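Novice: next comes the sequence, and after it the predicted model I'd like to discuss.
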2 protein chains.
Amino acid sequence: MSLENISCQKSSGGWHKRYRHRSSTLNCDMTFAVYLPPQAEQGAKLPVLYWLSGLTCTDENFMQKAGAHKVAAELGLIIVAPDTSPRGEGVADDPDGAYDFGLGAGFYLNATQEPWARHYRMHDYVVHELPALIEANFPVTDRRGISGHSMGGHGALVCALRNPGRYQSMSAFAPITNPMNCPWGEKAFSRYLGDERSRWREWDACALMADASERLPILVDQGDRDDFLLDQLKPEALQAAAQAVGHPLELRLQPGYDHSYYFIASFIDDHLRHHAAALSAAS
Amino acid sequence: MSLENISCQKSSGGWHKRYRHRSSTLNCDMTFAVYLPPQAEQGAKLPVLYWLSGLTCTDENFMQKAGAHKVAAELGLIIVAPDTSPRGEGVADDPDGAYDFGLGAGFYLNATQEPWARHYRMHDYVVHELPALIEANFPVTDRRGISGHSMGGHGALVCALRNPGRYQSMSAFAPITNPMNCPWGEKAFSRYLGDERSRWREWDACALMADASERLPILVDQGDRDDFLLDQLKPEALQAAAQAVGHPLELRLQPGYDHSYYFIASFIDDHLRHHAAALSAAS
């Protein structure tokens, strides 16, 4: 599990670093980014927020566009941003090169169907392999938060709901809340998981919430001028699922905001504070 | 002088909008971006900060990566970001497609040599045509600040030093301070302005400072791990020029920072406050 550092840039008093490594889970080389706040150089052990990006993104979008470093530096929060799918010449892609399946669109699940199953195991990568790497190589506590945007918001909700005890905080921006019942999710799940819809439930936040054994509070921001709101994202489905079982959900519909990183940058500080409060609390 | 709005995105309570228009100065269609803080919707007239980007950039880099909207919203500062050169099929480019001349590299001057003189008049566009458009179409005061990065830092210094009274505040990130005496500047000036070096002085911040009739304070941030520091940027030349004539210059050498937008994002709030303080002062 050796890490190759490929860049190192000072930012808001800390460091933005990118690494390449061989992933045994994904069977390919992967790149991820980490933001290390200034406290990391002063011998402190810090909690980690994992950020999962949306369709077409890499590790770079969030780091460049979210404007998160300033408050992460203030709070002493490490941020880790993985890529959004396995990568490389041997990794199967959408046969039509579509943006919403294959490369850049791993949907944070473990595929069961070929040719996808050989590489597309982003759930296990994000939940197990990447944190093990981070915890072996950086000054971190064992407290973890998870958040993300759109497909990555779906990923954050599903990773936390499937793995009780593994995360101490969760949030999402404009998540795909109910992928079993939206075009993006139906396309991805039918290919990665096959046509048997009963197998899709374990990768759907609304379905998982019904059976969750842990009730970790969720903060969700959603713009009301988001072009994907009605067909793909469906925050009302998440709200109904949460209400049905009493899962604590703060869903904020933000007037005027769209699906872009301008929306994320506008509210990321609130999410960072939400995570830092939970992650710095006594365990 | 009609403006075509091509996008509109809510950001930090205000609006990031992009416009296309026909530029009579540049003889081509141009795109620019404006950030309107929330006060602009409340009937207030606000001062404007013009931001000039560096080599290869467009109107988008600063808006997406500088993280400037939050504090601009707090301060009630409008930010206008033009493109970095004339654009379009009829606009001559570097014959080798180099990144440091031609498209994306207008150097904020008025070219005198053909084929450049027909379009490359970015100084007049930034100082006259664009502000006239802004002042006719947005709720602005007549107080203007100017800042920029690298080639755009050079542009900001030169625009302010050449036009006493036109700007009430100026600053720069990692500016090309002495383009007459660095490879980027020598290449650009010899082509845009011809080989007679005496004509270059009117586009060189260090030379202009000697003769300036106004002593507007300058804030400059420069990373000490910037790859272009020694060969291209030469902050010590600006410091010597300022000291020679008593021009007020606060030059901050920032340890560990490079030439990227992570550096800009780390210190942009200080620059916004520097401008807002000068622009909101009684004239």
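Specialist: Perfect, I can see it now.

Novice: next up, the contacts around residue A:62.
Specialist: For residue A:62, the contacting residues are A:33, A:51, A:53, A:68, A:79, A:81, A:149, A:261, A:264, by C-beta atoms under 8 Å, 6 or more residues apart in numbering or on different chains. (Glycine included, C-beta is placed from N, CA and C.)

Novice: out of those residues, which is most surrounded?
Specialist: Highest neighbour count within these: residue A:149, with 30 neighbours (other C-beta atoms under 10 Å in any protein chain shown).

Novice: identify the bridge partners of that residue.
Specialist: Residues in a beta bridge with residue A:149, per DSSP bridges, are residue A:173.

Novice: so what pLDDT did it get?
Specialist: You'll see residue A:149 listed with a pLDDT of 98.

Novice: quick check: which ranges of chain A have low pLDDT?
Specialist: For chain A, residues meeting the criterion pLDDT under 70 lie at A:1, A:282-283.

Novice: around chain B, which positions in it sit nearby?
Specialist: Counting by C-beta under 8 Å from any C-beta of the partner chain, chain A comes close to chain B at A:9-13, A:16, A:64-65, A:67, A:69-70, A:223, A:225, A:256-258, A:260-263, A:265-266, A:269.

Novice: phi, psi for the residue nearest to the spatial centre of chain A please.
Specialist: Nearest to the mean C-alpha position of chain A, counting by C-alpha atoms, centre = their mean, stands residue A:52 at 2.4 Å. Reported as degrees, to the nearest 10, the phi and psi values for residue A:52 are phi -110, psi 120.

Novice: burial count for the residue of chain A found nearest chain B?
Specialist: Using C-beta to the nearest C-beta, residue A:67 is the residue of chain A that sits closest to chain B, at 3.3 Å. Neighbour count for residue A:67, taken as other C-beta under 10 Å: 27.

Novice: surely it touches residue B:70?
Specialist: Yes. Residue A:67 is within contact range of residue B:70, at 7.1 Å (criterion: C-beta atoms under 8 Å).

Novice: shared neighbours of these two, anything?
Specialist: residue A:265.

Novice: any chance of the contacts of residue A:62 in a markdown table, with secondary structure and distance to residue A:184 too?
Specialist: Output for those, formatted as a markdown table (DSSP: H, G, I helix; E, B strand; the rest coil; distance: C-beta to C-beta, whole Å):
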| residue | secondary structure | distance to residue A:184 |
| --- | --- | --- |
| A:33 | strand | 25 |
| A:51 | strand | 20 |
| A:53 | coil | 15 |
| A:68 | coil | 25 |
| A:79 | strand | 25 |
| A:81 | strand | 21 |
| A:149 | strand | 13 |
| A:261 | helix | 19 |
| A:264 | helix | 18 |
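
Novice: quick revisit: what helix or strand does the residue of chain A closest to chain B sit in?
Specialist: Residue A:67 belongs to no helix or strand when elements are defined using DSSP states H and E.

Novice: and for the one 5 residues further on?
Specialist: In this structure, residue A:72 sits in helix A:69-75 according to DSSP H and E.

Novice: quick one, helices of the stretch 101-250 of chain A?
Specialist: Counting by DSSP state H, counting those that start in this stretch, the stretch 101-250 of chain A has helices at residues A:122-124, A:130-137, A:151-162, A:183-192, A:205-211, A:235-245.

Novice: CA atoms of the third one as CSV?
Specialist: Taking only C-alpha atoms (Å, rounded to 0.1, in the frame of the first residue of the first chain), the coordinates of helix A:151-162 have been written out as CSV:
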residue,chain,number,x,y,z
MET,A,151,-24.1,10.9,-7.2
GLY,A,152,-21.7,11.5,-4.4
GLY,A,153,-24.5,12.6,-2.1
HIS,A,154,-26.1,9.2,-2.8
GLY,A,155,-22.7,7.6,-2.1
ALA,A,156,-22.3,9.4,1.3
LEU,A,157,-25.8,8.5,2.5
VAL,A,158,-25.5,4.8,1.4
CYS,A,159,-21.9,4.4,2.8
ALA,A,160,-23.1,5.7,6.2
LEU,A,161,-26.4,3.9,6.3
ARG,A,162,-24.9,0.5,5.3
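
Novice: so residue A:180 makes contact with residue A:189?
Specialist: Yes. Contact criterion C-beta under 8 Å: residue A:180 and residue A:189 qualify, at 6.8 Å.

Novice: what's the overlap in contacts for the two?
Specialist: By C-beta under 8 Å, 6+ apart, the residues touching both residue A:180 and residue A:189 are residue A:200.

Novice: of those two, which one has the most company?
Specialist: residue A:189 (21 against 16).

Novice: in space, what's closest to that one - neighbours in sequence excluded?
Specialist: Leaving aside its sequence neighbours, residue A:189 sits nearest to residue A:200 (C-beta to C-beta, 6 or more residues apart in numbering or on different chains; 4.7 Å).

Novice: still on that earlier bit, pick the most deeply packed of the helices of the stretch 101-250 of chain A.
Specialist: Highest mean neighbour count of those: helix A:151-162, a mean of 28 (counted as mean count of other C-beta atoms under 10 Å in any protein chain shown).

Novice: contacting residues for the residue of chain A closest to chain B?
Specialist: Per C-beta under 8 Å, 6+ apart, neighbours of residue A:67: A:265, A:268, B:67, B:70, B:265.

Novice: chain center to the strand or helix carrying the last one: distance?
Specialist: Using DSSP H and E, residue B:265 sits in helix B:261-280. Its chain's C-alpha centre and that of helix B:261-280 lie 14 Å apart, by C-alpha atoms, centre = their mean, to the nearest Å.

Novice: alright, that wraps it up for me.
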